[in-house]
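Student: fold the following, please.
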Amino acid sequence: MENAKIENIIVKFLINQASASELTELEIWIQDPDNKELFDQYVKINYVIEYNMKEFDSSKIKSKLLEAFAIEKKVKKRKKFRKLIYYSAAAVFFGILTMGYFNRTSFFKQPEGIPVIVNNVIKAGTDKAILTLEDGSNVLLEKDKTYEKDNVVSNGKELVCGKNQGKSGLVYNYLTIPRGGQFQIKLSDGTNVWLNSESKLKFPVAFIEGSPREVELIYGEAFFDVSPSTEHKGAKFKVVNKNQEVEVLGTEFNIKAYKDEDKIYTTLIEGKVAVSDFSSKKHLVPNQQSIINLKNGNITINPIDAYNEVLWTKGIFSFKSKTLKEIMNVMSRWYDVQVVFQNTELEKVKFNGVLSKNDDIKEILTIIKKTNFINEYEIKDQKIIIK
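Tutor: Numbers count the residues shown, from 1 in each chain. As a prediction, this is how the structure comes out:
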């Protein structure tokens, strides 16, 4: 099989667009002994994800990949397969695939290029947050460090609030995730929230039983797994922002509302939500995304692979038809760096692929460099210059 064709099928498989015949073709190609050496070399050079694996093992990855093929052909329902990827260790098959796939890119070609200039080391983000209490005092929450006071407990990765209360009066705290951080919180009603880098959430330490439940995503990105209203005397759940309101009955959804972006994205995984910009309201069904344009106030609804949008909660960044500028915006928040493009045309290059949130930024940049779209990159302090 031609390399270009294999590359295309692998990428389509990565983003869940490969047909049954293409999956069969890829399976046969991998099982052919003549391709074993090429496959092993390809994996060792290009893999960037080590999901649920302690060390690299190409034979183990191949086994997992073939298992994924078998599951795909047996189920024959792409939605169910995507959910399997999202919830289980079958997501390991992402491990064989390179971070980048650009137009005219060849995975198997290893081009020569100008040596990369690196002046220092930039570390990947980690679990950390700042908890602001009602009295205005701040508590630094860090990985592997515990904290407990009044109605909240942290294990260094997640903040857990006590159960709902039956009396009136709400006490609000804030959870701020800095650049280069991430954190989880379990609200008093049992709702779980994952907060991405550069995000801030206002929440009550305890909801009032039977009353509407409301939190505010002041800015940033958060994934919500909401405790059903049936378990809370019918109390609805709302997530507000200065530019929108999302009302739910019990569901899973993602909101992205960063300060430096002029659009708010709400993606529905399961259940039902109503998105309002305070002048009009739109209802979403699973695998739909609403986009509020803050410049003109328009709300649009688009179909989307919703599970792909929330893989960041599982330690994976997944990109589908994203520009290099959009990707670097995500990287800048997670690695807490500034990214500068010397050639602004590079900002428009489209990309499909996945990468681990634990990867070294140099590995990511080196893979992009191998596409021949950039000549070199330079790291100075906390700034990345793409040339």
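
Student: show me where the stretch 151-300 of the chain dips below the pLDDT cut-off.
Tutor: By pLDDT under 70, the low-scoring segments of the stretch 151-300 of the chain are 166-168.

Student: what bridges to residue 352?
Tutor: The partner list for residue 352 in beta bridges (DSSP bridges) reads residue 320.

Student: next, count neighbours for it.
Tutor: Around residue 352 sit 20 other residues, with neighbours defined as other CB atoms under 10 Å. No exception for glycine: its C-beta is placed from N, CA and C like everyone else's.

Student: quick one: it and residue 321 touch, right?
Tutor: Yes - here residue 352 reaches residue 321: they are 6.4 Å apart, a contact under CB atoms under 8 Å.

Student: residue 332 falls within a helix, correct?
Tutor: Yes - residue assignment for residue 332, taken from DSSP: H, G, I helix; E, B strand; the rest coil, places it within a helix.

Student: surely it is in contact with residue 326?
Tutor: No - between residue 332 and residue 326 there is no contact under CB under 8 Å: 10.8 Å.

Student: neighbour count: these two, which is higher?
Tutor: For the pair residue 332 and residue 326, the greater number of neighbours falls to residue 332 (20 against 15), based on other CB under 10 Å.

Student: and the closest residue to the more buried one other than its chain neighbours, how far is that from residue 266?
Tutor: If you skip the residues right next to it in sequence, residue 332 has residue 339 as its closest partner in space, 5.1 Å away by CB to CB, 6 or more residues apart in numbering. Distance, residue 339 to residue 266, using CB to CB, to the nearest Å: 26 Å.

Student: comparing these two, which residue is more hemmed in?
Tutor: For the pair residue 339 and residue 266, the greater number of neighbours falls to residue 266 (24 against 19), based on other CB under 10 Å.

Student: for that one, give me its contacts.
Tutor: 244, 246, 253, 254, 255, 256, 273, 275, 284, 289, 290, 292 (CB atoms under 8 Å, 6 or more residues apart in numbering).

Student: any chance of the residues you listed in JSON lines, plus secondary structure and neighbour count?
Tutor: Compiled in JSON lines, the contacts of residue 266 are given as follows (DSSP: H, G, I helix; E, B strand; the rest coil; neighbours: other CB atoms under 10 Å):
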{"residue": "244", "secondary structure": "strand", "neighbour count": "20"}
{"residue": "246", "secondary structure": "strand", "neighbour count": "24"}
{"residue": "253", "secondary structure": "strand", "neighbour count": "28"}
{"residue": "254", "secondary structure": "strand", "neighbour count": "21"}
{"residue": "255", "secondary structure": "strand", "neighbour count": "22"}
{"residue": "256", "secondary structure": "strand", "neighbour count": "22"}
{"residue": "273", "secondary structure": "strand", "neighbour count": "28"}
{"residue": "275", "secondary structure": "strand", "neighbour count": "26"}
{"residue": "284", "secondary structure": "strand", "neighbour count": "22"}
{"residue": "289", "secondary structure": "strand", "neighbour count": "21"}
{"residue": "290", "secondary structure": "strand", "neighbour count": "25"}
{"residue": "292", "secondary structure": "strand", "neighbour count": "22"}
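
Student: closest to residue 380 among the residues you listed?
Tutor: residue 256 (29.2 Å; CB to CB).

Student: so who does that closest one touch?
Tutor: 220, 221, 264, 265, 266, 267.

Student: surely the second one is within a strand?
Tutor: Yes - when the secondary structure is assigned by three-state DSSP, residue 221 falls within a strand.

Student: quick thing: my sequence starts at 14, can you match it?
Tutor: Will do, 14 is the new start, and the previous item becomes residue 234.

Student: neighbours around it, how many?
Tutor: Here the number of neighbours of residue 234 (other CB under 10 Å) works out to 25.

Student: surely it meets residue 268?
Tutor: Yes - in terms of CB under 8 Å, residue 234 counts as a neighbour of residue 268; the distance is 6.8 Å.

Student: intersection of neighbour lists for the two?
Tutor: Any residue near both residue 234 and residue 268 by CB under 8 Å, 6+ apart counts here, and not one turns up.

Student: neighbours of the closest residue to residue 242 other than its chain neighbours, how many?
Tutor: The shortest distance from residue 242 to any non-neighbouring residue, by CB to CB, 6+ apart, is to residue 262 (4.8 Å). Neighbours of residue 262 under the rule other CB under 10 Å: 16.

Student: contact partners for residue 262?
Tutor: Residue 262 sits in contact with 241, 242, 249, 250, 284, 285, where contact means CB under 8 Å, 6+ apart.

Student: can you give me the strands in the stretch 114-263 of the chain?
Tutor: Under the criterion DSSP state E, counting those that start in this stretch, strands of the stretch 114-263 of the chain are mapped to 130-131, 139-145, 151-155, 160-162, 165-167, 171-174, 185-190, 194-199, 205-208, 212-217, 226-238, 250-254, 257-261.

Student: turn those strands into TSV, including distance to residue 392.
Tutor: Output for the strands of the stretch 114-263 of the chain, formatted as TSV (distance: least, CB to CB, whole Å):
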stretch	distance to residue 392
strand 130-131	5
strand 139-145	19
strand 151-155	25
strand 160-162	34
strand 165-167	33
strand 171-174	32
strand 185-190	24
strand 194-199	20
strand 205-208	27
strand 212-217	25
strand 226-238	25
strand 250-254	34
strand 257-261	37
